[in-house]
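1. Here is a sequence with its predicted model. Questions after.
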Amino acid sequence: MNANLVITEKINQEEWENFLLGFPRPPFLQSWYMREVHETVGESSLLIGVKEDNILIGVAFVVIVRAKRGHFFYLPYGPVFQMHKWQYVPELTQYVVKKAKELNIDFIRSSPFIVDAKDNRALYYRAGWRRAPLHMLAEHVWWLDITPAEDTLLVGMRKTMRNLIRRATRDGVTIRMSKNPDDVEHFIRIHKSTVERHGFVPYKDDFFRAQFRAFVKADQVAMFLAEYEGKVIAAAMIMFYGDMASYHHGASLSEFQKIPASYLLQWEAIREAKRRGCLAYNFWGIVPENKMRSRITRRPHPFAGVTTFKTGFGGERIDLLPCQDYPIRSKYYLTRIIETARRIKRGFW
C-alpha cells in the first residue's frame, strides 16, 4: 500500500461535496445528503474518504442493507475516484472488506459509475470482485447534451416527440415546478398507479419524501407536475447535481395515457436544467437494442417502453460497468442463486 495513502472515515461535509461537485457529471447518489436519506428510512451508512498526500482523491458512500437474502454493503454509483486514481480500488476494497467482517456482512455490492471498458473490468476482477447476478441501478443510461440552443435540441428529437410536446400544450397541459415537500404526495399517489401498471418493485414512499427533503435544502431537486383539467396526471422528481440533471423518478396516471403530458414535462425539465447551467440531462436507465426481447422467454424487456420514450429526445447511450459483488461469507452463494432466478423471472438478461 502506498505509504502516503490514507483511508479514513473522518471527513466533513464541505470537503466531501466539494470533491464530488468538482467532477463532470457527478453521481448524486454518492452525495453527502444521501446519508440523511437512508438514515431517515432506517438504514445505516458509512462515509469513506481516500486521501493521497492528505488530498482527497476518492470517496465511497456505503449503505448497510439488512435484507432477508443477506446483509450487505452497497455502494450506489460508487466509489468515485479522480480520473487517474482508480488504481486504488484494491486498497479501498480491502478497507471495506475489513469493515464488513467486523459487522457480520455477507457480501459487498458496488454499482461503479465508470464506463464499461476492458481495463475497468480487469481492475475490479483483480481486486476480488465478480459480476453481480442482478443489477441494482441503471447500467445503460441515456444522456443528452443540453448545451445547444433549445431550437437545436428540438430538431434533434424524433419528429413525433416534437409533435407530442406541442400537442400537450394545445390540449391544455401545464407544467408546474415545485420545491414544496408537500407536493411529493402528488408524486406518491401517481406512482402507485404506475407501479400497478408495470409491476415493478418500488421504493418506499418514505424514501421519496426523504430524498426530496434532503436535497431541496441545497436546491438540488425539484418536483415537476403536469396538470390537466385541474388534476395532476404526471410527475417527475428531477435532481440537479453539479453540471448534470437527472430524471430519477417518474410517474403518470393510467387513465390519462392518451394525453402526452410526460413529453411536455420532460421538455420543461430540460429547459430548467439549461437555465441552471447544467451541461447534460440524464434520462436514467434504458435497454440496448440487442436486449429488447428475451432470448429465453421471447418476452419484451421491462424497459422496452421507457427506452423508446427516452431515446426519442435525442442523446447517446453510456454503458456503465455492471454491478459487482465481493463475497464475504458462504451465505452469499445462496443469495446469488436466488437473485439469478429472480432476474430471469423479471425478464432481465
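-> Okay, I see it.
2. Confirm that residue 236 lies within a strand, as I assumed.
-> Yes - assigned with DSSP: H, G, I helix; E, B strand; the rest coil, residue 236 falls within a strand.
3. Just give the nearest non-adjacent residue to it, would you?
-> Spatially, and ignoring its direct neighbours in sequence, residue 236 is nearest to residue 250 (4.3 Å; Cβ to Cβ, 6 or more residues apart in numbering). The way it works is simple: take the backbone N, C-alpha and C, and place the C-beta from them, glycine included.
4. And for residue 139?
-> Nearest residue to residue 139 in three dimensions, chain neighbours excluded: residue 320, at 5.0 Å (Cβ to Cβ, 6+ apart).
5. swap in residue 233?
-> Nearest non-adjacent residue to residue 233 (Cβ to Cβ, 6+ apart): residue 256, at 4.2 Å.
6. what do you get for residue 261?
-> Spatial nearest neighbour of residue 261, chain neighbours left out: residue 226 (3.7 Å); criterion: Cβ to Cβ, 6+ apart.
7. That neighbour belongs to a helix?
-> No - going by three-state DSSP, the assignment for residue 226 is strand, not a helix.
8. That one: what's it in contact with?
-> When contacts are counted by Cβ atoms under 8 Å, 6 or more residues apart in numbering, residue 226 touches 168, 173-175, 232-235, 252, 261-262, 264-265.
9. can I get these in a markdown table with neighbour count and secondary structure?
-> What follows is the contacts of residue 226, written out as a markdown table (neighbours: other Cβ atoms under 10 Å; DSSP: H, G, I helix; E, B strand; the rest coil):
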| residue | neighbour count | secondary structure |
| --- | --- | --- |
| 168 | 23 | helix |
| 173 | 23 | coil |
| 174 | 13 | strand |
| 175 | 21 | strand |
| 232 | 21 | strand |
| 233 | 24 | strand |
| 234 | 30 | strand |
| 235 | 29 | strand |
| 252 | 22 | strand |
| 261 | 25 | helix |
| 262 | 23 | helix |
| 264 | 23 | helix |
| 265 | 27 | helix |
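10. now those as JSON lines including pLDDT?
-> Output for the contacts of residue 226, formatted as JSON lines (pLDDT from 0 to 100):
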{"residue": "168", "pLDDT": "97"}
{"residue": "173", "pLDDT": "97"}
{"residue": "174", "pLDDT": "98"}
{"residue": "175", "pLDDT": "98"}
{"residue": "232", "pLDDT": "96"}
{"residue": "233", "pLDDT": "96"}
{"residue": "234", "pLDDT": "96"}
{"residue": "235", "pLDDT": "97"}
{"residue": "252", "pLDDT": "92"}
{"residue": "261", "pLDDT": "97"}
{"residue": "262", "pLDDT": "96"}
{"residue": "264", "pLDDT": "98"}
{"residue": "265", "pLDDT": "98"}
